[in-house]
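Undergrad: Predicted coordinates and the sequence they were generated for:
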Number of protein chains: 2
Amino acid sequence: MARKQGSHSDITGPKVREAALKLIAQHGYAAVSMRQIAAEVGVQAGALYNYTADKQSLLFDIVLDHMEELSAALKKVDLSGSPWSALEAFIRFHIVFHVPRVEQVFISYMELRNLDPDNFAVIEGRRRDYEQVLAGILKAGKESGDFTITDPRITSIALIGMLTAIPQWYREGGRLPLSEIEEIYWGIVRRSVTT
Amino acid sequence: MARKQGSHSDITGPKVREAALKLIAQHGYAAVSMRQIAAEVGVQAGALYNYTADKQSLLFDIVLDHMEELSAALKKVDLSGSPWSALEAFIRFHIVFHVPRVEQVFISYMELRNLDPDNFAVIEGRRRDYEQVLAGILKAGKESGDFTITDPRITSIALIGMLTAIPQWYREGGRLPLSEIEEIYWGIVRRSVTT
DNA sequence: TTTTCAAATGAACGTTTGTTCAGTTAAAGG
DNA sequence: CCTTTAACTGAACAAACGTTCATTTGAAAA
């Protein structure tokens, strides 16, 4: 079989990435085989190698894409105002960006150790950049006297840790709508940086 | 070779569990082979089956032991006082208990999906129990007017998510001593539940 | 209609996997 | 000193792994 109804690699390529995303998020990188991914796509294992160099690239591409979408989206957020408005904008952005991306978040936090050392270094750098945006906001707010916090870096890690756990339990159509989650978390963060 | 210098399964048994803990935390359950674990112990792969029924039990035992130590230790904490003292006691307990147990925490949060369904159900129940202790404290504090929080359950998940991330970055002998970490986090939590 | 070639097949490769088990070893019990 | 037996070896098993590649397919171009 080949090229049925006007289709070709423009169809299968994305399908491969989607299948990899879904299955790796579900079972973990090491636990998923190329044959499972191929079956999900509806193709034989050998055909995957028309779309990826190897299994490792499948993982790296998922994580790198996620980090690049994240920083591209963050760039569009206005963080130029007061520490308070910057913090609120950052927190709400983080929640809204991460919640619909359960699978990417899961993979980006759990499968880092399955990245080859070179790939890992790339990703860790991006992550630190992101963390430092929040740390910078907290530092500015501490210096201006807006926030009463002890350590901006620890606080930023703590807050991101808290926020990143959301997609792990949040389910669309659950007890609370996303907008309410946003309010609750922003409330926690807001209070946590003041006396 | 067998039984050298008064040794036997009392030596090898714990060694097997330690090797499994170390290697699974490092590389992940699916990525670690029985042969790797055996090599770490200093034994052939077949010998492991004197100490574990199979690979799955190795994982389940680690996670279950962790959860049982956790609830046993929590039982000794005095949570009978005011919501404020109960919350402080719980938070400090959580930090002090989890920080020296990096590997168990890592495994207990990352490898849940590699548990057989039956085993998973057991662990998830224990986890919910623990979460609900904190949720109970928050609920009591909300009703007494001590805490200004919107949703005790969400808040408890948020706080535990934040606290559980600590061992992932905390390194003994790092920039901050454990006692300081404890203070910083307790500060964040304390402020986060008040106006 | 015939030619072309991207796309996919399916078999094959060398490894590695979890697990079993008959056989070996050496410390402890009589 | 001889017997027992817990502890371990080392080979073997079928199955699954990631990856390669000659071959087949069928829609589109000529």
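TA: Arrived safely, thanks for sending.

Undergrad: can you pull out the helices in chain A?
TA: A:9-27, A:34-41, A:55-75, A:83-98, A:102-110, A:117-143, A:152-164, A:166-169, A:178-192 (DSSP state H).

Undergrad: who does the fifth one touch, helix- and strand-wise?
TA: Helix A:102-110 makes packing contacts with helix A:9-27, helix A:55-75, helix A:166-169 when contacts are defined by 3 or more C-beta pairs under 8 Å, 6 or more residues apart in numbering or on different chains; DSSP states H and E. In short, each C-beta sits where N, CA and C put it, glycine included.

Undergrad: what's the least confident stretch among the ones you listed?
TA: Lowest mean pLDDT within the helices and strands packed on helix A:102-110: helix A:166-169, at a mean of 84.

Undergrad: which other residues reach that helix?
TA: Helix A:166-169 has contacts (C-beta atoms under 8 Å, 6 or more residues apart in numbering or on different chains) with A:95, A:98-99, A:101-102, A:105-106, A:181, A:185, B:157-158, B:161.

Undergrad: Point out the most buried one among the helices of chain A.
TA: Most buried of the helices of chain A by mean neighbour count (mean count of other C-beta atoms under 10 Å in any protein chain shown) is helix A:152-164; its value is a mean of 22.

Undergrad: That one vs chain B: in contact?
TA: Yes: Helix A:152-164 comes into contact with chain B (C-beta under 8 Å from any C-beta of the partner chain), by way of A:154-155, A:157-159, A:161-162, A:164.

Undergrad: Can you tell me which helices and strands that helix packs against?
TA: Helix A:152-164 sits against helix A:83-98, helix A:117-143, helix A:178-192, helix B:152-164, helix B:166-169, helix B:178-192, with contacts defined as 3+ C-beta pairs under 8 Å, 6+ apart.

Undergrad: is it possible to export the helices of chain A to CSV including distance to DNA strand D?
TA: Below are the helices of chain A laid out as CSV (distance: least, C-beta to the nearest atom of the strand, whole Å):
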stretch, distance to DNA strand D
helix A:9-27, 10
helix A:34-41, 4
helix A:55-75, 4
helix A:83-98, 28
helix A:102-110, 15
helix A:117-143, 13
helix A:152-164, 27
helix A:166-169, 25
helix A:178-192, 35
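
Undergrad: B:R171: which of the helices and strands packed on helix A:102-110 is closest?
TA: helix A:55-75 (23.6 Å; C-beta to C-beta).

Undergrad: any idea of the angle the closest one forms with helix A:34-41?
TA: Angle, helix A:55-75 to helix A:34-41, by axes from the mean of the first three to the mean of the last three C-alpha atoms, to 10 degrees: 60 degrees.

Undergrad: and stretch A:41-56, does that touch chain B?
TA: No: Stretch A:41-56 lies apart from chain B when judged by C-beta under 8 Å from any C-beta; the minimum separation is 12.2 Å.

Undergrad: How far does that stretch sit from its chain's centre?
TA: The chain centroid and the centroid of stretch A:41-56 are separated by 24 Å under C-alpha atoms, centre = their mean, to the nearest Å.

Undergrad: same check, this time on stretch A:116-125
TA: Using C-alpha atoms, centre = their mean, the offset of stretch A:116-125 from its chain centre is 15 Å.

Undergrad: how about it against chain B, any contact?
TA: No: applying C-beta under 8 Å from any C-beta, one finds stretch A:116-125 separated from chain B by no less than 11.8 Å.

Undergrad: Rounded mean pLDDT for that stretch, please.
TA: 96.

Undergrad: Over to stretch A:33-44?
TA: Averaged over stretch A:33-44, pLDDT sits at 97.

Undergrad: what's the closest of the contacts of helix A:166-169 to A:S144?
TA: A:Y185 (23.2 Å).

Undergrad: if I pick the closest one, what's in contact with it?
TA: A:Y185 makes contact with A:91, A:95, A:162-163, A:166, B:158 under the criterion C-beta under 8 Å, 6+ apart.

Undergrad: so what's the residue lying closest to A:I137 once chain neighbours are set aside scoring on pLDDT?
TA: Once flanking residues are discounted, A:I137 sits nearest to A:A86: 4.8 Å by C-beta to C-beta, 6 or more residues apart in numbering or on different chains. If you check A:A86, the pLDDT there is 98.

Undergrad: Could you dump the helices of chain A into JSON lines and include distance to B:R127?
TA: Below are these laid out as JSON lines (distance: least, C-beta to C-beta, whole Å):
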{"stretch": "helix A:9-27", "distance to B:R127": "19"}
{"stretch": "helix A:34-41", "distance to B:R127": "28"}
{"stretch": "helix A:55-75", "distance to B:R127": "27"}
{"stretch": "helix A:83-98", "distance to B:R127": "22"}
{"stretch": "helix A:102-110", "distance to B:R127": "17"}
{"stretch": "helix A:117-143", "distance to B:R127": "26"}
{"stretch": "helix A:152-164", "distance to B:R127": "17"}
{"stretch": "helix A:166-169", "distance to B:R127": "11"}
{"stretch": "helix A:178-192", "distance to B:R127": "20"}
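
Undergrad: between the ones you listed, which one is nearest to DNA strand C?
TA: DNA strand C sits nearest to helix A:9-27 of all the helices of chain A, at 3.3 Å, using C-beta to the nearest atom of the strand.

Undergrad: what's that closest one packed up against?
TA: Judged by 3+ C-beta pairs under 8 Å, 6+ apart, the packing partners of helix A:9-27 are helix A:34-41, helix A:55-75, helix A:102-110.

Undergrad: right, is it up against DNA strand C?
TA: Yes: for helix A:9-27, a contact with DNA strand C is found by C-beta under 7 Å from any atom of the strand, at A:9-12.

Undergrad: Sounds good, over and out.
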